[in-house]
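Trainee: give the three-dimensional model of this entry:
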Amino acid sequence: MDLGRWLDARSGPAPHEDRTLEGAAHFTRAQVEQLVDRKFRDDPRRGARTKERLATVDDARIEDLTRQAFACFHDLVALLACEALPGLGPATASLLLAAQAPHRFVVIDSRVLAALRDLGRFPAGGHFDVAEHWEPYLVACREIARETGRDLPAVGRALSVGGST
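Mentor: Next up is the predicted model:
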């Protein structure tokens, strides 16, 4: 199978990407809430619950944890630093990382995981265990980007609409 063609068939035209957060040293509360709104646009009640939990920490803590995450060279530690923010699970934490460093991170997405499994790039199995699977998930996506000459956001988009091979 030509992996590049497979990605092209699923990626379509690149949507407008908001890259205003790329390279930020840290995120503010407003920036984190903007990403929460984007993630939960189809389920505003979940977004509201996430923001309620996030409201239990002060702005300095949000900036401190995101600063630590963005400065971290270890992918799992970076994810866990973002996940330490109240209300953020692994998928939302990975969204923060992908918004700040799209060349390095892909959002944790069950559709991407299914496509990686379909392609034989990730072991079959059930639950996504962050400690065990985050780094192999990133490696698989990065390898596909390298092999096909695509950037990581394009690979993530294509895999998220994946489907069977």
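Trainee: can you pull the contacts of residue 90?
Mentor: Residue 90 is in contact with 79, 83, 108, 128, 130, 134, counting by Cβ atoms under 8 Å, 6 or more residues apart in numbering. (C-beta placed from N, C-alpha, C; glycine too.)
Trainee: how far does the longest helix anywhere in the chain sit from the chain's center?
Mentor: Secondary structure of the chain per DSSP state H: the longest helix is helix 130-148. For helix 130-148, the separation from the chain centroid amounts to 12 Å (computed by Cα atoms, centre = their mean, to the nearest Å).
Trainee: ok, and what's touching that helix?
Mentor: Taking Cβ under 8 Å, 6+ apart as the rule, helix 130-148 contacts 3-4, 7, 75-76, 79-80, 83, 90, 94, 105-106, 108, 112-113, 116, 119, 121-122, 128, 150-152, 154-156, 159.
Trainee: mean confidence (pLDDT) on stretch 65-80, please.
Mentor: For stretch 65-80, the mean per-residue pLDDT is 97.
Trainee: contact partners of that stretch?
Mentor: Contacts to stretch 65-80, defined as Cβ under 8 Å, 6+ apart, come from residues 24-27, 32, 81-82, 84-85, 90, 93-94, 96-97, 100-101, 104-105, 130-131, 134-135, 138.
Trainee: just to revisit the earlier point, which of the contacts of residue 90 sits closest to residue 50?
Mentor: residue 83 (12.1 Å; Cβ to Cβ).
Trainee: distance check, that closest one against residue 91.
Mentor: To residue 91, residue 83 is 10 Å away according to Cβ to Cβ, to the nearest Å.
Trainee: of those two, which one has the most company?
Mentor: More crowded of residue 83 and residue 91, by other Cβ atoms under 10 Å: residue 83, with 20 against 15.
Trainee: residue 39 against residue 47, yeah?
Mentor: Yes - shown here, residue 39 and residue 47 form a contact pair, counting by Cβ atoms under 8 Å, at 7.1 Å.
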